[in-house]
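Chemist: Model the following, please.
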Amino acid sequence: RADQLPPGLEDRDLDALVEQVYSECCAIRPTSKQQALRLILGMGYSGPAAVAKWREIVEWRTAHGVDSIRQEQVEAIAAAGP
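Modeler: Predicted structure coming up:
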């Protein structure tokens, strides 16, 4: 809603910005529209800054093996059973 945007940004089409950032971020690595919105909010409503931050996040996750850690945890939970 426009009345929830910071002063000076009331005329921005936040839905369109979310779609744009979502599309650009998914080209780097799949994400969600909710994550795209969080990036936009965290980066001061700047689309390019949000996409750049997503690129940094993906690079960090890759460098630190976050996906393999997550997969190991999923498998450990599944092996433990209910």
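Chemist: For the rest of this, base every contact and every neighbour count on C-alpha atoms.
Modeler: OK.
Chemist: From Ala63, how far out is the residue most central in space within the chain?
Modeler: Geometric centre of the chain, nearest residue: Gln35, 3.3 Å, by Cα atoms, centre = their mean. Separation of Gln35 from Ala63 (Cα to Cα, to the nearest Å) stands at 20 Å.
Chemist: quick one: buried residues of stretch 13-26?
Modeler: For stretch 13-26, a neighbour-count test (16 or more other Cα atoms under 10 Å) marks Leu14, Leu17, Val18, Gln20, Val21, Tyr22, Ser23, Glu24, Cys25, Cys26 as buried.
Chemist: So which of those residues belong to helices?
Modeler: If you go by DSSP state H, the buried residues of stretch 13-26 have Leu14, Leu17, Val18, Gln20, Val21, Tyr22, Ser23, Glu24, Cys25, Cys26 in helices.
Chemist: would you turn these into CSV with pLDDT and distance to Ser46?
Modeler: What follows is those, written out as CSV (pLDDT from 0 to 100; distance: Cα to Cα, whole Å):
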residue, pLDDT, distance to Ser46
Leu14, 87, 11
Leu17, 95, 9
Val18, 96, 10
Gln20, 98, 11
Val21, 98, 9
Tyr22, 98, 13
Ser23, 98, 15
Glu24, 98, 13
Cys25, 98, 13
Cys26, 98, 17
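Chemist: any chance of these in TSV, with distance to Leu39 too?
Modeler: Below are these laid out as TSV (distance: Cα to Cα, whole Å):
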residue	distance to Leu39
Leu14	12
Leu17	11
Val18	9
Gln20	12
Val21	9
Tyr22	10
Ser23	13
Glu24	12
Cys25	10
Cys26	13
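Chemist: Just name the closest of those residues to Glu59, please.
Modeler: Nearest to Glu59 among these is Cys25, at 12.6 Å by Cα to Cα.
Chemist: Perfect, that will be all.
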